[in-house]
Every structure is written in C-alpha cells, then in structure tokens.
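[1] structural data only, the sequence is not supplied:
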Ligand code: NAI
C-alpha cells in the first residue's frame, strides 16, 4: 500500500484540530485528473483516515484542490486506452467504487471543497463525500460530460446524482453532458453550501467538519418518478428527447443510461452494481474509443498555440462589419476582449453591433455583464483604435486589390508586435502581402460562419509569413476559446477544400434527378450533422459557387448551381435554394415508401467518398502538420461524424476491416480515382 507520507499527486496532512486535509495537486500537470496513481493514492488516504477515525486522532476529512484553478476535470482520458477488455474495465472501476463507498461510510465527517471545474470522476468523488461546498465563482462548474466520450458516469455517479438531485434533474444533466454553475447545482441538491470566493473555502470546510454537516438525499416525494409506472413513462420521454439529438446506432451511451435508469433506479444500491455492468462494454466500444480520439485531437489543436509566448491579446480591431466581421467582433467581446469595429459605412457598424446582443444575452446571465460586454464593443469608423490593438483582423470584400491597399495603409499604424491578419476565405496570403513593406507579418485567421457555432479557426501560414506571427495568431485563437489549425496557404485551405468536392458531387446527383431528401438522409445516416444539399443551402449557394471556382471544380458550361445563383436563389438566406425555406427550416418532401436502411448506408458512404479522398490529398501535400491534424480540422470544421474518429482514421479502419473480411460488400467502394 502507498505511504501517505510519500504521495505524489496528493498532499496529506492532519492539523492540530485533528482535521485531515487531502489536497489534490497532480504532479507535473496544470489540471487535476484522476489517473491511476492519483486513485491509488486516494486509496491510501482512505485507509489512513479510517485508521485515524478508529484511534480518534482524526475528526474529519476535507478534499480540496491544490491548483489555482479547478478541482478535478474528471478521470484521466489518456489512461483509458490501457483498459483493453470489459473485465479489466470492470475490475478497475470496482476498485475505485470500493474507495468511494468507504469514503461514504467514513465514521467522521468528509467534506468536499470545490473551486473551478468539478467534472466526471471529480463530481463522483464529491458525491461520495458527506457535504459539498463550492465557490459561487463563474468558473465553478459541476457536471458529467461522459456521454461526450461515449460512456456514462462509471464511479457510481449515476445512482448518487439521482439520490441527491432526483432523477428529474439528474438524468437530463447526465444525458446532455452539461456543466452547471454552482448556484444552479445548489438548487438541484448536488452542492450543499456556497461561499463567495476561494479564500473562504477552507474555512467553510473546517466549519462543516466541526458541525458534522451531512447532506440529505432528495425528498422521497420529489423523486416519485423513480417508482413504477412513472419511471417507465419518464424513460420513454427521455428516449424521445435524446433521439432528437443523437442516433442510437451512432451514440449508444445515453440510451444505455436510460435503460439502466428504467431497470434499476427503484433501488439505488442495485443501480450501482448494474452501472458497472453496463459501463464496461461502452468503455471498450469502438464509438467510445473514437470519441476519446476526438477529445485528444481537440487537445492537439489547442496545443498548436505555444504556452510560453509573451503575447497576451486583450484588444482587437476588426475591419469590415459585414456577415463575418461583426460576428468575429462580437465573439471576441464575449471572450472578454475589448474590440473596435470599423467599416466604410456607419450604419453597417451600428447594425453589426446591435446583432451581437443575442450572443451577449446567451453568454451573460446578468444585465451588468451584458451592458459591460456592449460597452467593450466600440464603433470606430475612422479606425482610431488601430494603434492600440493587439490583433487587427480584416474582413472586408473578397477582392485582392482592395485588401492589398487596405493593408498597405494599415501597416504603419499597427503597434509593434500586434498581429495583422486577414479573414480571406480564398485569396493566397502571400498575394495580399506582396506590396507590403513587411510581408512576413501578414497571416490568415480564417473563421467559419456562423462564428459563434464553429469551434475551428484556420490559421493560415502564407509562403512568407513569419513563424512568430503564426504562433501569436494561434495564441489569439485559443484566447477566444476556439481551436486553431495551422494551414499552409493553398486554394480552399482545408475545410472548404474538402467540403467543396463533397457538396458539389451531391448537387450534381440532384441535377441528375436523385432525391435531395434521400441524399441528405443518407449523409446523416453516415453521421454527418446535416446533409450536403441542406448544407449548401445553409452556407449560401453563392458562397458554394465561389468556392467551386476557387478550387477549379465548377463543372464546365454552367451548372444548376450557377443558374440558381444568377436567379437570386441563394438558399436559406433568400428563402429559396435547392429547398424552399420556411421559418429557418428546409421544407422536405417525405418519401412515398420508407428508404431502405442498408441502401441509405451504402449511399452515405458513397457521398462522403470525395471528402475522404480530398483529405488524403491534403495529408499528402502536407497542407497541415499531420494526418491527425487533418482529422481534427475536418471534425471540428465540418462536423464530420465524430464517432467515426475522423475521415482518415475511418478510412484506415475500413481498410483494415476489408482486409480481414473481404466479403463485407457494404464497405466496397467504387474506384473514385
Ligand atoms: P460582407 O460583404 O458581408 O461584409 C464586408 C463589409 O466590409 C461590408 O460591410 C463593407 O461595407 C465593408 N468594407 C468593404 N471595404 C471596406 C474597407 N475598405 N474598409 C472598411 N470596410 C470595408 O462580407 P463577409 O461575408 O463578411 O466577408 C468578409 C470576408 O470574410 C471576406 O474576405 C470573405 O471571403 C471572408 N469570409 C466569409 C465567410 C462567409 O461565410 N461569408 C466565411 C469565412 C470568410
């Protein structure tokens, strides 16, 4: 057994009042996650406190974080791969659950003091304690994000969260993987006490030990939904709601959680054991493995921004207050920055600023915070704030000469060290930079539309862009909570380049008379968030036509796409495209007879083939740093079926399967090249 005096991830001490302090401060990491060693050491702490309680040398135990920010972000996802079989998963989970049960049965009070993220396994540890205190801080969040990794809580968090909060609140929270503010968590019963700041946490924890505070489970009458037949009805309602967001064949975890609830929630102790039985197969499933891969790809994208760069962007100046510029400005403000917005047209600026109120209403819960955000967004028609900005982003018309002359006039006005960037979607960075005195300064920072919803931002390295400028641009992108992907300046960069042939091939099928509804359904069956025809209408058919021109893949002799653009049928924004749009929704015709599932699967695979082929070329031409980064960019930039782990990963898996089982007809593809 580990010696509590030689812990590496925890610090353990007993103070003069006999209170034991278990301070989680994982060695060599900026965040606390529950890795194997941290859990083994937790076992040693449990043993030591049990012994102290027996010999009366310990009167209580407090769990608290030693990190400046954050309690526990969850189990260590990097270590999940070590567990190869259901048996291994079940054994390792059972061991941890035994520790948590011993914490729960501890004869002295056990208090959990939370500041910052308390997620997944962290919340499960907290729920095994007798009393939970959290700071009211905006950054303090509790939740179970497990479903996003293709699993559900496995350290008995399912049963314990239902016990504390009731199934009506706990089940939707686990199914959505949402992260809840401390005040709301208190309202639900997951947290027992709030303190104003981190400085008050230890004191409050000590007082809770002294007063032997013990949280009460939710009242029986509040949780009648656990009784039959209400439980069955509630489970069915949850199934219907969940099915609207995810398909069971793609994302089974939430559906298995509902099954677990329906079968076992009447007896929460029984539910704990059943949880482990249902958890193990999910953990070793292909879906979960792929979703874990997506998580790692996300970390890889974030890691493209160097950690030690002495560049802290606080002020941004955006030029062009159109579709993109205004939303980029709004997003930067919502991320805490001060932003000035410039345009030739004052009305356009006012309209762009007013449009951000919706975003601020969503992001900020109180009026003072919303007002403060609005005050940070400054109209600046004359560009008076350019010289103060740390980052200047151009988002004006997509014309080379206009952009060149703007940057020539800007160059001398920027402060030294400020990032100078263009949001161009199709012009080569080196072409825009060509007439500049210092062309190496210009980089691309390419946002996607709608800015607030798209997590990826391509950072474009022009032929002459200096590495330092690229790195600063990545730092800025992570500072506004987006994922940067460093891309070589080349037509279509990555996302538009891979989407172009995919969408165009689908539109050509429609031209040839295939059903657009069936095409869209087939792509969704494959796992795309939206079918390619609906996507073309959503992006705008004018934008699609211009991407096709840039990529030189527009069919010769004019296509239906060109005719529609010429007729002003631009898709969602004009109300008419391939679909007719009503209240922001495409009007889709229902098939006379339901489509055959296998046929949809075959068609879906065929539809994504041009996208996957283009990803191979992007990789081979080294447009981004690695094959994994191609997958990362395409998942976060296009929504490519996350449960498949990325287009190149999917292709490699498919080839492997085909080699081991050459009779799998569904996987055979036409030779596309
Ligand atoms: P937009 O036409 O909606 O807005 C452009 C704005 O720039 C207009 O308000 C115009 O008055 C202003 N403007 C033009 N010349 C100016 C100048 N010299 N100084 C100050 N303001 C000036 O255009 P949108 O769609 O916002 O595109 C802007 C840039 O972003 C383009 O380079 C485009 O390729 C790129 N982009 C567009 C995306 C989209 O989906 N619309 C996606 C990603 C990038």
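    Arrived safely, thanks for sending. On a predicted model such as this, the values are computed, not experimentally measured, just so you know.
[2] state the pLDDT value of the residue in the stretch 451-600 of the chain positioned nearest to the ligand.
    Closest residue of the stretch 451-600 of the chain to the ligand, Cβ to the nearest ligand atom: residue 543 (5.5 Å). For the C-beta atoms, the positions are set from N, CA and C on the backbone; glycine is no exception. In this model, residue 543 is scored at 89, pLDDT.
[3] and if you look at residue 390?
    Looking at residue 390, its pLDDT reads 98.
[4] residues contacting it?
    311-316, 415, 417-419, 476 (Cβ atoms under 8 Å, 6 or more residues apart in numbering).
[5] top of these by number of neighbours, please.
    Neighbour counts for the contacts of residue 390 (other Cβ atoms under 10 Å) peak at residue 316, which has 29 neighbours.
[6] look up phi and psi at that residue.
    Main-chain torsions, residue 316, degrees, to the nearest 10: phi -130, psi 140.
[7] so which of the contacts of residue 390 reach the ligand?
    Among the contacts of residue 390, no residue is within reach of the ligand (Cβ under 6 Å from any ligand atom).
[8] tell me the one among these nearest to the ligand.
    Distances from the ligand to those, taken as Cβ to the nearest ligand atom, are shortest for residue 316 (15.3 Å).
[9] doesn't residue 336 make contact with that closest one?
    No. With contact defined as Cβ atoms under 8 Å, residue 316 does not count as touching residue 336 (10.8 Å).
[10] quick one, what contacts the residue of the stretch 201-350 of the chain found nearest the ligand?
    Using Cβ to the nearest ligand atom, the closest approach of the stretch 201-350 of the chain to the ligand is made by residue 322 at 1.8 Å. Residue 322 sits next to 343, 348, 352, 395-396 when contact means Cβ under 8 Å, 6+ apart.
[11] apply 6 Å and report the result again.
    If a contact means Cβ atoms under 6 Å, 6 or more residues apart in numbering, then residue 322 has no contacts.
[12] and this protein, what are its domains?
    4-284, 315-489, 496-660 (automatic domain parsing).
[13] adding distance to residue 303, write the ones you listed out as JSON lines.
    Shown next, in JSON lines, are the domains of the chain (distance: least, Cβ to Cβ, whole Å):
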{"stretch": "domain 4-284", "distance to residue 303": "12"}
{"stretch": "domain 315-489", "distance to residue 303": "9"}
{"stretch": "domain 496-660", "distance to residue 303": "11"}
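[14] look at the spatially closest residue to residue 389 that is not a sequence neighbour and give its secondary structure.
    Nearest residue to residue 389, sequence neighbours excluded (Cβ to Cβ, 6 or more residues apart in numbering): residue 317, at 3.8 Å. Local secondary structure at residue 317 is given as strand here, using DSSP: H, G, I helix; E, B strand; the rest coil.
[15] ok, and the closest non-adjacent residue to the one residue in the stretch 51-200 of the chain that gets nearest to the ligand?
    Relative to the ligand, the nearest point of the stretch 51-200 of the chain is residue 148 (26.9 Å; Cβ to the nearest ligand atom). With sequence-adjacent residues excluded and distances taken as Cβ to Cβ, 6+ apart, residue 148 is closest to residue 177, at 4.8 Å.
[16] can you check residue 442 too?
    residue 433 (4.1 Å).
[17] so how far is residue 397 from the residue nearest to the spatial centre of the chain?
    With distances taken as Cα atoms, centre = their mean, residue 455 lies nearest the centre of the chain, 7.4 Å away. Here the criterion is Cβ to Cβ, to the nearest Å. By it, residue 455 lies 26 Å from residue 397.
[18] what's the first helix or strand after whichever helix or strand residue 159 is part of?
    Here residue 159 sits within helix 157-165, counting by DSSP states H and E. Once helix 157-165 ends, the next helix or strand along the chain (criterion: DSSP H and E) is helix 167-176.
[19] what does that next one contact?
    Here helix 167-176 makes contact (Cβ under 6 Å, 6+ apart) with 144, 161-162, 188, 225-226, 238, 242, 254.
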